[in-house]
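Here you go, sequence then predicted model.
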Amino acid sequence: MSTFGQRIKKARLEAGLSQEGLAEAMSQLSDTKKISRTTITQWESSTTSGIEAVNLLYATKVLNITPDWLQFGLGNMRPPAETMQSGFDPNICFVPLLSYTQAVNTMEKESITNVGLDEQLAKVASSHSFALLIKDNSMTPTFIPGDVIVLDPSIKPSPGEFVVAKVKNYDHLIFRKYRQLYHNGSYKIELLALNDDWEKIIISDQSDGKIVGTLIEHRCRRRIYAHEQIK
């Protein structure tokens, strides 16, 4: 089986891009982060431990390939023709369903699927959106294990909205309610669990953590979950 590095190199060459060209094209999709040629070299030579979820999506968009194929070598290299004919960008109509740790380190070799967005949501969601499956009870009763949440990294959250964050000393993403505080001339972010048994998390600066996605859709599994609990 080919490696991630071999696959991204194959896609880059078929697209007629140099490493510098791919880096520049990916950088144009990001408002805050510049991708360097050295980074592309490291990916292709497999000398780096992983690739962030947002960079994975940038690469698939520029190279017109599927996240499943690039990340794990699964399925078709190119998006299906019917998706291309739908009138929407394929990376917007379908978003990757990641585990909490995949969203931090997308080189983790777990199965990955795509979640379809309806036409209305697809028009407003960015191509960097992704989905997560709720697995703990920190946000009950509103969000329970088995629910799916769709998040958009390009949306700046407002107080009271729900977000996922990468937090220092946690090896996975944290899903919480967002609140911003102003104290002693500086802003702090509070991440609040809806379940009182879970601790409140404070982000004071970039070294403590950062918001990586704002909730744009919540898919409940109430009846399915209840049925599974009865079995």
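Structure's in. What do you need? Remember, it's a predicted structure, so these values are computed and weren't measured experimentally.

Please report how far the nearest residue to residue 200 once chain neighbours are set aside lies from residue 94.
Nearest non-adjacent residue to residue 200, counting by Cβ to Cβ, 6 or more residues apart in numbering: residue 192, 5.7 Å away. (C-beta placed from N, C-alpha, C; glycine too.) Counting by Cβ to Cβ, to the nearest Å, the gap from residue 192 to residue 94 is 31 Å.

More neighbours: which of the two?
Ranked by neighbour count (other Cβ atoms under 10 Å), residue 192 and residue 94 place residue 94 first, with 23 against 17.

Below-threshold pLDDT in the chain: ranges please.
1, 30-33, 49-50, 80-93, 99-114, 221-231 (pLDDT under 70).

Okay, helices next: where are they in it?
4-14, 19-29, 37-44, 53-63, 67-72, 81-84, 90-93, 119-124, 222-230 (DSSP state H).

Which of these sits closest to residue 133?
Residue 133 lies closest, by Cβ to Cβ, to one member of these: helix 222-230, at 11.9 Å.

Look up phi and psi at residue 194.
According to degrees, to the nearest 10, the main-chain angles of residue 194 amount to phi -80, psi -20.

give the contact list for it.
Residue 194 makes contact with 138, 139, 140, 141, 142, 143, 177, according to Cβ atoms under 8 Å, 6 or more residues apart in numbering.

For the closest residue to the fourth one other than its chain neighbours, give its distance to residue 42.
Once its chain neighbours are removed from consideration, residue 141 has its nearest residue in residue 194; the separation is 7.3 Å (Cβ to Cβ, 6+ apart). The gap separating residue 194 from residue 42 is 40 Å, by Cβ to Cβ.

same deal with residue 61?
From residue 61 across to residue 42, the span is 20 Å (Cβ to Cβ).

what about the two, which has more around it?
Between residue 61 and residue 42, counted using other Cβ under 10 Å, the more crowded position is residue 61 (19 against 15).

Near residue 145, how many other residues are there?
Neighbours of residue 145 under the rule other Cβ under 10 Å: 15.

Go ahead and confirm it touches residue 134.
Yes - between residue 145 and residue 134 a contact is recorded at 5.5 Å, counting by Cβ atoms under 8 Å.

residues contacting the most centrally placed residue in the chain?
Residue closest to the average C-alpha location in the chain (Cα atoms, centre = their mean): residue 130, at 4.2 Å. Going by Cβ under 8 Å, 6+ apart, residue 130 touches 53, 57, 95, 96, 97, 98, 103, 150, 151, 153, 213.

Quick check: bridge partners of residue 98?
residue 132 (DSSP bridges).

Surely it and residue 129 touch.
No - contact criterion Cβ under 8 Å: residue 98 and residue 129 do not qualify, at 11.1 Å.

Domain ranges for the chain, per the record?
Residue ranges for the domains of the chain, per automatic domain parsing: 4-130, 134-230.

got the contact list for residue 14?
Not one residue lies near residue 14 by Cβ under 8 Å, 6+ apart.

count of neighbours near residue 46?
Applying other Cβ under 10 Å, I find that residue 46 has 12 neighbouring residues.

give the contact list for the nearest residue to it once chain neighbours are set aside.
In this structure, residue 46 finds its nearest non-sequential neighbour in residue 5, 4.2 Å apart by Cβ to Cβ, 6+ apart. For residue 5, the contacting residues are 43, 44, 45, 46, by Cβ under 8 Å, 6+ apart.

Thank you, goodbye.
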